[in-house]
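Visitor: Structure for the following, please:
(chains A and B)
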Number of protein chains: 2
Amino acid sequence: MSKIPLVTALNNHRSKKAISFHVPGHKGGLLFEGTPDFKKFLEIDLTELTGLDDLHAPEGVIAEAESKLMNFYGTIKSYFLVGGSTVGNLAMIHATVKRGEQVIVQRNCHKSVFNGLKLVNASPIFISPEINKELSVVTGPSIETLERAIEINSTAKVLILTYPNYYGHVFDIKNLIDLAHSKGMIVLVDEAHGAHFQIGSPFPMSAVSLGADIVVQSAHKTLPAMTMGSWMHINSNRVSVKKVKEYLEMLQSSSPSYPIMMSLDRARNYLEEFSLTDVDYTIQEIKDFTEKLNKIDGIKVLETNDLLKLIIQNDRGLTGKQLQQIFEENGVYPELSDHKNVLFILPLLKKGAKYPFGRAITAIDNGMRQIQEVKEDNKQRILVFETAPISTLQKSFIVMESCNEELVMLEDAIDKVSAETITPYPPGIPLIIRGEKITNDMIDNIKMYLQNKIKLQGGHNLSNMKIVVFK
Amino acid sequence: MSKIPLVTALNNHRSKKAISFHVPGHKGGLLFEGTPDFKKFLEIDLTELTGLDDLHAPEGVIAEAESKLMNFYGTIKSYFLVGGSTVGNLAMIHATVKRGEQVIVQRNCHKSVFNGLKLVNASPIFISPEINKELSVVTGPSIETLERAIEINSTAKVLILTYPNYYGHVFDIKNLIDLAHSKGMIVLVDEAHGAHFQIGSPFPMSAVSLGADIVVQSAHKTLPAMTMGSWMHINSNRVSVKKVKEYLEMLQSSSPSYPIMMSLDRARNYLEEFSLTDVDYTIQEIKDFTEKLNKIDGIKVLETNDLLKLIIQNDRGLTGKQLQQIFEENGVYPELSDHKNVLFILPLLKKGAKYPFGRAITAIDNGMRQIQEVKEDNKQRILVFETAPISTLQKSFIVMESCNEELVMLEDAIDKVSAETITPYPPGIPLIIRGEKITNDMIDNIKMYLQNKIKLQGGHNLSNMKIVVFK
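Guide: Numbers count the residues shown, from 1 in each chain, chains lettered A, B, ... in the order given. Prediction:
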């Protein structure tokens, strides 16, 4: 068996110089205009030809590649996903949550988790994560919050967690998994940002090793896989492999992309061959980079639980957004920024691999020198308000679909049911979720965020101090 | 405005030699092992960077690219899809069919249409297409069948059709669309195989021009787009653009693939610039190829309604599958084969573009010369049995999920509800659909198909003359 079965099969096919009378219509790149450099790549954008297996009924090279993935992560079954972690999250919810059922779900989950709950018309019980106010860092829900949520909602059979967060922070997820299991619940984890945790130290442990029942990972985020390339691990007998498979088949393209699948095979192999020497090399390269960053006037680097995530702040009173803009003007592109922070996602380097860290340092240093004097009153406070530890929706998703909405002044919205989800960044935890009852506290907090010009996602009418509610 | 806005934006970004501290983890191909040829391509596998817009909330280059698509097809709104036509079909059903509602649907629809109906727990009324028995060709449902189905099921608000079929056959869809509209119904069309029909003559007219309300097309099937690249057209005010958009956001990756989106922008441009001279050139090239194919001893070519689709048969008593194998051994890869036919999907060539037709002719000629004498008793009959013109399910999708199943002998299955879908190829119309009542005729037909060794999809226990039914 080849060590990268799908890659080998695609290369074999390419070497045949086969004549295509099949899809895709670019015919091995022959009809693709503009960029001759793309031709080689497009030659492997193939379809379910003889020898190339079928993602939805794998018996050949895709079965082998998925089996290698399964063995590497030590799971019961692992699947390649071509629709990103989005499709993994949707499928795991469809396969485990029956319509109308209660589910306990971490309040700051990805929108695909919300969407999954909506599509199956689940009845979510949101549990808020803890916040380290000093560091403005969101961790996970406390064991007490989960205990209380289970106590109140004894029919919930599924717990959905997000681990780590976007910024690379983890929490004691094992405790939560064990508690849920002791109550007969199954645990689904959106581990989009943790595909590389399988390497082991210095990275945190993966929810796969910590016993979660289904774990979805975005291979494309931290491993050398193409965008939309993710994978899903089934890790226990508490869930039905057959059902999960059924929903993956339903929700994913019947013409899955071979380049994306090929890149997943490569990414698994990259990770599997990632040696201790490579780990040391990556640690050293990132340490050097971090030190040099910290020496740049005005820059402060916060390390996270994940070696590959750096949070960059500045002491010039710039927002994260402004800092990002300066970086980009100098050719350095971060992952994202918020009110205060810029996030860098760093590469997982094998020994000897060169990354343009030096060029980045020069560019950032140049950028920081160009900054105009920032007035003190531009320096903005960081506000992080806690949300209710446990909360439910006042109306089911289906009912909300056919409810009339109206736009009201913020002060008139108290005790009404919100038709909007409003999320401040940071901390990225929804302040109000569509379907929740609006409280006095929520309105006060919104006003504080607005006064402090903190970025709010949703709430398009807040500039007029209005909000959409259900009639 | 650039004529290929998204392509231009990606090239601009690439020319900046920007340093990536963002996803994807292959970092512009730097960490992608094995194939240096892929590097150039992977440089544009980017994320929602400044200047690259956002598929789910487009305001820049993606909005421009989609707007060009909309203008070219003359629609109200057109969307790029990165999850194939599968996601388009799922979204259009979610956006227009309420849970439990009746829908009239062509019996030989793609599995993604079935899956969409299942996900919303619709109540489908299946209408069978007509069959030209002489040519073993499936066309579309007759106007009489649709009239009758509407008469019986007056609450159905949605009609779902497939046009053209896989083999490039069309039917008078305009009549059906007009009838449905006159009854206040909306019409959804899975036009996966007809993205190129917008060229006009000699191609059939597209369902977009013929007034369907939503049309989904696989750009990747016949245009130079990458696999999973599709698009959706909203063509009337009978449907809510807002709702369709909402479901596309829910069902598609939150990290959509830029290479796939870029290829859609290129494919639209390719089509838009496809001139009458190009059309003439493609016609002539395909005519020459067809003539040469027909001259090969033992080969017979059937043309279809779609210039890009050729059906190849043989007079040596080989099945389509066997013929495909001979082609492939000689380096020629068809799209598919069935009991009798091999299907070629041909390229849409701009004037002067070279395609290896000559090499294909030599290869096929060689292959045919190698064929051993085929015994007469190997020559198999083509059987095409009609299915009931109109049929419904005995149990809803949700009820079926929690029903027990049992395996029974074929003869004991009569009047029971099938738990399997069984589809013979050809004609590719399900003989039995999961949830339908099993009739005497169905069992007789299954037996005839089995005796004649016709490929059946589903029915894994038929080798033991058994079938799975609901208890």
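
Visitor: which ones are touching the residue positioned nearest the centre of chain A?
Guide: Note on chain A: the residue nearest the mean C-alpha position is residue A:192, at 4.0 Å, using C-alpha atoms, centre = their mean. Shown in contact with residue A:192 (C-beta atoms under 8 Å, 6 or more residues apart in numbering or on different chains): A:85, A:110, A:162, A:216, A:217, A:218, A:221, A:230. For glycine as for every other residue, the C-beta is placed from the backbone atoms N, C-alpha and C.

Visitor: So whatever residue of the stretch 251-400 of chain A ends up closest to chain B: helix, strand or coil?
Guide: Nearest to chain B, among the residues of the stretch 251-400 of chain A, is residue A:253, at 3.3 Å (C-beta to the nearest C-beta). The three-state label given to residue A:253 by DSSP: H, G, I helix; E, B strand; the rest coil is coil.

Visitor: which one is residue A:29 nearest to, not counting chain neighbours?
Guide: residue A:42 (3.1 Å; C-beta to C-beta, 6 or more residues apart in numbering or on different chains).

Visitor: follow-up on the earlier one: ok, and of the contacts of residue A:192, which contact chain B?
Guide: A:85, A:110, A:218, A:221 (C-beta under 8 Å from any C-beta of the partner chain).

Visitor: Could you export those residues as CSV, including neighbour count and pLDDT?
Guide: Below are the ones next to chain B among the contacts of residue A:192 laid out as CSV (neighbours: other C-beta atoms under 10 Å in any protein chain shown; pLDDT from 0 to 100):
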residue, neighbour count, pLDDT
A:85, 30, 97
A:110, 19, 94
A:218, 30, 98
A:221, 27, 97
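
Visitor: what's the most distant pair in those?
Guide: A:110 and A:221 (11.9 Å; C-beta to C-beta).

Visitor: And the helices in the stretch 251-400 of chain A, which stretches?
Guide: Secondary structure of the stretch 251-400 of chain A, counting by DSSP state H, counting those that start in this stretch: helices at A:258-272, A:276-295, A:320-329, A:357-370, A:397-401.

Visitor: The second one to helix A:357-370, inter-axis angle?
Guide: Read it as helix A:276-295. Counting by axes from the mean of the first three to the mean of the last three C-alpha atoms, to 10 degrees, helix A:276-295 lies at 10 degrees to helix A:357-370.

Visitor: per-residue confidence averaged over helix A:276-295?
Guide: Averaged over helix A:276-295, pLDDT sits at 98.

Visitor: helices or strands up against the one helix or strand residue A:233 maps to?
Guide: In the assignment (DSSP states H and E), residue A:233 maps to strand A:230-234. If contacts are counted by 3 or more C-beta pairs under 8 Å, 6 or more residues apart in numbering or on different chains; DSSP states H and E, strand A:230-234 sits against helix A:61-73, strand A:77-81, helix A:84-96, strand A:214-217, helix A:219-222, helix A:241-251.

Visitor: Mind checking the ones you listed for the one nearest to residue A:423?
Guide: With C-beta to C-beta as the criterion, residue A:423 lies closest to helix A:84-96 of these, at 17.6 Å.

Visitor: which is the next helix or strand following that closest one?
Guide: Helix A:84-96 is succeeded, C-terminally, by strand A:102-106 (DSSP H and E).

Visitor: Show me which positions of that following strand end up buried.
Guide: Within strand A:102-106, the residues scored as buried using 16 or more other C-beta atoms under 10 Å in any protein chain shown are A:102, A:103, A:104, A:105, A:106.

Visitor: Relative to residue A:65, how far out is residue A:235?
Guide: Taking C-beta to C-beta, to the nearest Å as the measure, residue A:235 and residue A:65 are separated by 19 Å.

Visitor: more crowded one of these two?
Guide: Neighbour comparison, residue A:235 and residue A:65: the larger count goes to residue A:65, with 29 against 25 (by other C-beta atoms under 10 Å in any protein chain shown).

Visitor: Enumerate every residue touching the more buried one.
Guide: A:4, A:5, A:6, A:80, A:261, A:264, A:265, A:268.
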